[in-house]
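Undergrad: Any chance you could fold what I've pasted below:
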Amino acid sequence: MDFPEEIKQQTCADCLSGVSLGFRIRMAFQPIIDWQTRKIFAYEALVRGPEGQGAGWVFEQINETNKYYFDQACRITAIKTAAELGCDTFLSINFLPNAVYNPLTCIKATIEAAHLYNFDLKKLIFEVTEGENIIDKAHLRNIFQSYAQFGFLTAIDDYGAGYTHISWLSELKPHVLKLDMSLIRDIDKDPLKQAQIREIKAQCDLQCTQLLAEGIETQEELSCLTEMGIRYLQGYLFARPTLEHLTTASDIELLQAIDW
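TA: Prediction:
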């Protein structure tokens, strides 16, 4: 993967300062539920604009010139904000594999930020969306393997939305596989989707990959998924993303309504 030499020569301090990005980003956080313990397993950090604009607005500002700095700025901002909010769970950060020219080099600023803001490196999850146009699968596998050496967890997001095949699971060996909401929507009414998810879960169980269902919006979807043994859950049914705020388990009415 070829990157301009001037980008390769930038210091980690540049990434930490964010001066090269050209605009400010902020973070919203959405909880991921561990249904077995009825607690929050992690928060996913979701990028927002300087006035709270959605991710769509932010990505309109991203191009080949600034995507490297954007990827770095997202990591740093997510860690900094989560630490300031007192996050003590896992923190899931989306990243752009096409903006990573060398995993070991590009992770330096992330490690520096975790140390600077006193965030536990062992509680970081890096997830790549299936919607990201992966131009080199071997490169992504190298990233996943490199991150695992640091003790980071890795995840594939939006699985089932696009180009990936179940063989990607065995090749990339992510710690977490996030099922796309297109598979989740109305799953309680769709035996074919249920069969597909059972097949995916069987493969995940074989290689110790945790399966996570995202985009849950109805109680019926929740009941169907938990009956199939899906432990990790995310969606508007529990909580929407909140800007620079961590929704706690006590804030989630559904968890409070459970008869223990």
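
Undergrad: Name the SS class of residue 50, please.
TA: coil (DSSP: H, G, I helix; E, B strand; the rest coil).

Undergrad: Secondary structure element holding the residue lying closest to residue 31 once chain neighbours are set aside?
TA: Using C-beta to C-beta, 6 or more residues apart in numbering and skipping the chain neighbours, the partner closest in space to residue 31 is residue 40 (4.7 Å). Every residue, glycine included, has its C-beta placed from N, CA and C. Applying DSSP states H and E as the criterion places residue 40 in strand 39-48.

Undergrad: and that strand, how far from the chain's centre?
TA: 8 Å (C-alpha atoms, centre = their mean, to the nearest Å).

Undergrad: Tell me the buried residues in that strand?
TA: Of the residues in strand 39-48, 40, 41, 42, 43, 44, 45, 46, 47, 48 count as buried by neighbour count, 16 or more other C-beta atoms under 10 Å.

Undergrad: Now tell me what touches it from outside.
TA: 25-34, 54-55, 58, 74, 77-78, 81-82, 87, 89-94, 125, 127, 232, 234, 241, 243, 246-249 (C-beta atoms under 8 Å, 6 or more residues apart in numbering).

Undergrad: Give the buried subset of the residues you listed as a PyMOL selection command.
TA: Here is the PyMOL command that selects the buried residues among these (16+ other C-beta under 10 Å):
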select buried, resi 25+26+27+28+29+30+31+32+33+34+58+74+77+78+81+82+87+89+90+91+92+93+94+125+127+232+234+241+246+247+249
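
Undergrad: In strands, which of the contacts of strand 39-48 fall?
TA: 26-34, 90-94, 125, 127, 232, 243 (DSSP state E).

Undergrad: What are the contacting residues of stretch 71-88?
TA: 15-16, 18, 21, 25-27, 29, 43, 45, 47, 91, 93-96, 99-100, 106, 109-110, 113-114, 117-119, 123-124, 244-246.

Undergrad: Now do residue 167 against residue 109, distance only.
TA: Computed as C-beta to C-beta, to the nearest Å, the residue 167 to residue 109 distance reads 33 Å.

Undergrad: These two: which has the busier surroundings?
TA: Shown here are residue 167 and residue 109; by other C-beta atoms under 10 Å, residue 109 has more neighbours (23 against 9).

Undergrad: That one looks like it's in a strand, true?
TA: No - counting by three-state DSSP, residue 109 is located in no strand; its state is helix.

Undergrad: buried stuff in the helix ranked longest in the chain?
TA: The residue-count maximum for a helix in the chain (DSSP state H) belongs to helix 67-84. By 16+ other C-beta under 10 Å, the buried positions in helix 67-84 come out as 67-83.

Undergrad: next one: stretch 168-175
TA: Neighbour-count burial for stretch 168-175, counted by 16+ other C-beta under 10 Å, picks out 168, 169, 172, 174, 175.

Undergrad: Give me the contact list for it.
TA: Everything outside stretch 168-175 that qualifies as a contact, by C-beta under 8 Å, 6+ apart, is 125, 137, 140-141, 144, 148, 153-156, 177, 200, 203-204, 207, 209-210.

Undergrad: I appreciate the help and will end here.
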